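Trainee: Got a predicted structure plus its sequence, pasted below:
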Amino acid sequence: NAGVTQTPKFRILKIGQSMTLQCAQDMNHNYMYWYRQDPGMGLKLIYYSVGAGITDKGEVPNGYNVSRSTTEDFPLRLELAAPSQTSVYFCASSSSGTSGVEQYFGPGTRLTVT
Amino acid sequence: KQEVTQIPAALSVPEGENLVLNCSFTDSAIYNLQWFRQDPGKGLTSLLLIQSSQREQTSGRLNASLDKSSGRSTLYIAASQPGDSATYLCAVRGSQGGSEKLVFGKGMKLTVNP
C-alpha cells in the first residue's frame, strides 16, 4: 500500500492565483482530513470528510473548499491565494471515527504565497 | 474549547538518557490521545495511540501513559539514541461535538546528542 499520497510536494503561488492540492489514499478509509501546519505550531483542521459526498468544516476553513466524489480522493481547493495561506498542508485518513483508530498522514505539501 | 500544551518546546540531551515528554489537555472528554513523530520536512508518523479507557501503551522503547482525570499524558523514551531526534506531537480526539478532529499541541523538538 502507498498509504496517503499528496501532490505536489512544493508550490509557489502568486497572490490571487488558485490551485488544487491533491490527496489520495489506497486503504479504503472512509474518513479523510486536511490540516495546515504553520511554523512552530501544531496542526489545525481545515476540512474533513466522513465518506464520499460528505464534507464538513474544521477549525480554519475560510479560503478553502473541498469535495469528495470518491472514497480514495479528497482534493483541497485554494481560491484567490493570500500570503496567510503560506503553510504546510497535510492530508490524513482513518478507517472510522471510533476511539481506537489512528489517523495516517501524508508527506505534506509546502505552499508559499508571494 | 480543547487546548493541548506541550512543555518544554525543545529539549537537548546526551545519548542514553531516559526521557519523559509531557502533554496536557484542558477537556477530559476525549476518545483517545495519539503521539506522533515528525522529522524535518516530513509528514507525521503515529507512534502510539491510547484510548480513553486505557492507562498506557507500549511499543519497543516507547511507553505512553494517560491520566484522563488530570488531563495529562507522558511519553517515555528509554535509552535515547541520536535517531530519536525529531519533533514529537501529541493530539487528542474529543468525544463530544466535533469528535472527528484531532487537536494538536505545538510539539516538542528533541535533540539527542552522540
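Mentor: Now that the structure is in, tell me what you want to look at.

Trainee: what about A:R77, how many neighbours?
Mentor: 14 (other CB atoms under 10 Å in any protein chain shown). Heads up, the C-betas are built off the backbone N, CA and C, glycines and all.

Trainee: For it, name its beta-bridge partners.
Mentor: A:T20, A:N65 (DSSP bridges).

Trainee: In contact with it, which residues?
Mentor: Applying CB atoms under 8 Å, 6 or more residues apart in numbering or on different chains, we find A:R77 in contact with A:S18, A:M19, A:T20, A:L21, A:Y64, A:N65, A:V66, A:S67.

Trainee: Please apply the same query to A:Q17.
Mentor: Applying CB under 8 Å, 6+ apart, we find A:Q17 in contact with A:L80, A:A81.

Trainee: Just put the contacts of A:R77 in CSV and tack on pLDDT and neighbour count.
Mentor: Listed next are the contacts of A:R77 as CSV, based on pLDDT from 0 to 100; neighbours: other CB atoms under 10 Å in any protein chain shown:
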residue, pLDDT, neighbour count
A:S18, 96, 11
A:M19, 96, 16
A:T20, 97, 14
A:L21, 98, 23
A:Y64, 97, 19
A:N65, 97, 15
A:V66, 97, 22
A:S67, 95, 16
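
Trainee: Give the closest residue to residue 101 in space, chain neighbours not counted.
Mentor: Using chain A here. Leaving aside its sequence neighbours, A:V101 sits nearest to A:S94 (CB to CB, 6 or more residues apart in numbering or on different chains; 4.9 Å).

Trainee: oops, I was thinking of chain B
Mentor: B:K101's closest residue in space is A:L45 (CB to CB, 6+ apart), at 4.4 Å.

Trainee: what's the pLDDT at that neighbour?
Mentor: For A:L45, the pLDDT comes out at 92.

Trainee: Tell me the strands beside the host helix or strand of it, with direction?
Mentor: Taking DSSP states H and E as the definition, A:L45 sits inside strand A:43-51. Partners of strand A:43-51 in the sheet, by DSSP bridges, are strand A:31-37 (antiparallel), strand A:54-57 (antiparallel).

Trainee: CSV for the ones you listed, including distance to A:D73 and mean pLDDT?
Mentor: Listed next are the strands paired with strand A:43-51 as CSV, based on distance: least, CB to CB, whole Å; pLDDT from 0 to 100:
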stretch, distance to A:D73, mean pLDDT
strand A:31-37, 9, 95
strand A:54-57, 12, 94
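
Trainee: Kindly compare burial across these and name the winner.
Mentor: strand A:31-37 (a mean of 25; mean count of other CB atoms under 10 Å in any protein chain shown).

Trainee: hmm, back to that, the residue nearest to A:V101: what's it in contact with?
Mentor: A:H29, A:N30, A:Y31, A:Y33, A:V101, A:E102, A:Q103, A:Y104.

Trainee: How many neighbouring residues does the residue nearest to B:K101 have?
Mentor: Using other CB under 10 Å: A:L45 sits among 22 other residues.

Trainee: With A:P75 instead?
Mentor: Counted with other CB under 10 Å, A:P75 comes out at 16.

Trainee: Name the nearest residue to it, ignoring sequence neighbours.
Mentor: Spatial nearest neighbour of A:P75, chain neighbours left out: A:T20 (5.0 Å); criterion: CB to CB, 6+ apart.

Trainee: quick one: that neighbour from A:L111, how far?
Mentor: Distance, A:T20 to A:L111, using CB to CB, to the nearest Å: 12 Å.

Trainee: Run through chain B and note the low-pLDDT ranges.
Mentor: B:96-100 (pLDDT under 70).

Trainee: repeat for chain A
Mentor: For chain A, the ranges with pLDDT under 70 are A:97-100.
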